[in-house]
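Asks: pasting the sequence and the predicted model now:
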Amino acid sequence: MKTCIDGITYQGMMNIGIRPTVSNSNQRVIEVHLFDFNSDIYGETVTISLCHRLRGEKTFSGIEELTKQLKKDEVDSRRHFASL
């Protein structure tokens with residue numbers, strides 16, 4: 001996904017789901033991770049454009065397995081953007 005903040009576009013990845021590995025709630029949430037970005041943007045207006053679906057949501061055996069998958073997802077996402 002791409003996110004526009006104050007006219008600048010950033011690449012990243014996003015999860016829309018219930019986060020079954022870390023939560024027992026069935027409440028759907030949106031989590032966005034922007035690559036190479038480190039600013040406080042809480043309260044800011046952002047525009048998100050979906051570009052490519054990596055995979056469906058799944059339950060992992062624990063945080064370690066989830067973290068490992070997220071690192072792989074980031075590699076796959078960056079590879080996707082590099083191929084454009």
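Replies: Sure thing, it's come through.
Asks: all contacts plus neighbour counts: C-alpha atoms, from now on.
Replies: Noted.
Asks: what ranges do the strands span in the chain?
Replies: Ranges of strands within the chain are 2-5, 8-17, 29-34, 47-49, based on DSSP state E.
Asks: give the other helices and strands that the third one contacts.
Replies: By that I understand strand 29-34. strand 8-17 (3 or more Cα pairs under 8 Å, 6 or more residues apart in numbering; DSSP states H and E).
Asks: pick out the residue nearest the middle of this structure.
Replies: What sits nearest the mean C-alpha location of the chain, by Cα atoms, centre = their mean, is residue 14, with 2.4 Å.
Asks: contacting residues for it?
Replies: Contact partners of residue 14, counting by Cα atoms under 8 Å, 6 or more residues apart in numbering, are 1, 30, 31, 32, 33.
Asks: drop anything exposed from these.
Replies: Buried residues within those, counting neighbours by 16 or more other Cα atoms under 10 Å: residue 1.
Asks: what is the most widely separated pair among the contacts of residue 14?
Replies: 1 and 30 (12.5 Å; Cα to Cα).
Asks: redo the strands of the chain as JSON lines? Include distance to residue 63 and mean pLDDT.
Replies: Below are these laid out as JSON lines (distance: least, Cα to Cα, whole Å; pLDDT from 0 to 100):
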{"stretch": "strand 2-5", "distance to residue 63": "26", "mean pLDDT": "96"}
{"stretch": "strand 8-17", "distance to residue 63": "16", "mean pLDDT": "97"}
{"stretch": "strand 29-34", "distance to residue 63": "16", "mean pLDDT": "96"}
{"stretch": "strand 47-49", "distance to residue 63": "27", "mean pLDDT": "96"}
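Asks: reformat those strands into TSV and put distance to residue 40 next to each item.
Replies: As requested, the strands of the chain are exported to TSV (distance: least, Cα to Cα, whole Å):
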stretch	distance to residue 40
strand 2-5	11
strand 8-17	14
strand 29-34	12
strand 47-49	16
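Asks: and of those strands, who's closest to residue 74?
Replies: strand 8-17 (7.2 Å).
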